[in-house]
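S.K.: no sequence on this one, just coordinates:
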């Protein structure tokens, strides 16, 4: 039973952790890109959306080059914290964040772009701070887009395979998520076990979709 439940537990930890991160970063980036003008805006927008069109293996390779043991960042982390990023749960979370962030960002930004600027300006004239404008006007108006982004981001993080396999590996009990576990089960002809994980990921995704739809 432990063989069955371990990838499920890890997938939930990874996808929920990634979801919390991309919810904050995606919302902040969407608001910044839609409301502010600054140099390099087009470049930043392209970088944020790039993971959508890049193959997962390319993302995994880039993460290895950035955080790998021989990279500058990887060596700094190893020096400061006496640990490595690759082949850890943290690596799986980073991979999930990278592939899920564009969905959260683009969906939320679309919602912000549809907010009537005159309503926000009227609140500012009445003395509302930027935080109050966002909290009382902007966010309620983009709530549906925000929760749609959460749904897409969670599903993408839960189903991530290629980048996770390259960057975090497929270590049973340590970094093996449901998608990588399904791959191994099929390779070893354990079709019943593979089916059990497939049904599990469908049920979890469907349940998450229902919860978020009701919240929105």
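M.R.: Alright, I've got the coordinates. Every value quoted in this text rests on a predicted model; they were computed, and no experiment measured them.
S.K.: please count neighbours and contacts with C-alpha atoms only from this point.
M.R.: Noted.
S.K.: in the longest helix along the chain, what's buried?
M.R.: In the chain, with assignment by DSSP state H, the single longest helix is helix 2-35. For helix 2-35, the neighbour count (16 or more other C-alpha atoms under 10 Å) marks 6-8, 10-19, 21-23, 25-27, 29-31, 33 as buried.
S.K.: got the contact list for residue 141?
M.R.: For residue 141, the residues meeting the contact criterion (C-alpha atoms under 8 Å, 6 or more residues apart in numbering) are 111, 115.
S.K.: for whichever helix or strand it is part of, buried residues please.
M.R.: Secondary structure assignment for residue 141, by DSSP states H and E: helix 139-159. Neighbour counts over helix 139-159 (16+ other C-alpha under 10 Å) mark 139, 141-159 as buried.
S.K.: what's the answer for stretch 48-63, then?
M.R.: Buried residues in stretch 48-63, counted by 16+ other C-alpha under 10 Å: 48, 49, 51, 56, 57, 59, 60, 61, 63.
S.K.: how about those residues in JSON lines, adding pLDDT and distance to residue 192?
M.R.: Rendered in JSON lines, the data for these read as follows (pLDDT from 0 to 100; distance: C-alpha to C-alpha, whole Å):
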{"residue": "48", "pLDDT": "93", "distance to residue 192": "39"}
{"residue": "49", "pLDDT": "94", "distance to residue 192": "37"}
{"residue": "51", "pLDDT": "94", "distance to residue 192": "33"}
{"residue": "56", "pLDDT": "91", "distance to residue 192": "27"}
{"residue": "57", "pLDDT": "92", "distance to residue 192": "28"}
{"residue": "59", "pLDDT": "94", "distance to residue 192": "31"}
{"residue": "60", "pLDDT": "93", "distance to residue 192": "29"}
{"residue": "61", "pLDDT": "95", "distance to residue 192": "32"}
{"residue": "63", "pLDDT": "94", "distance to residue 192": "33"}
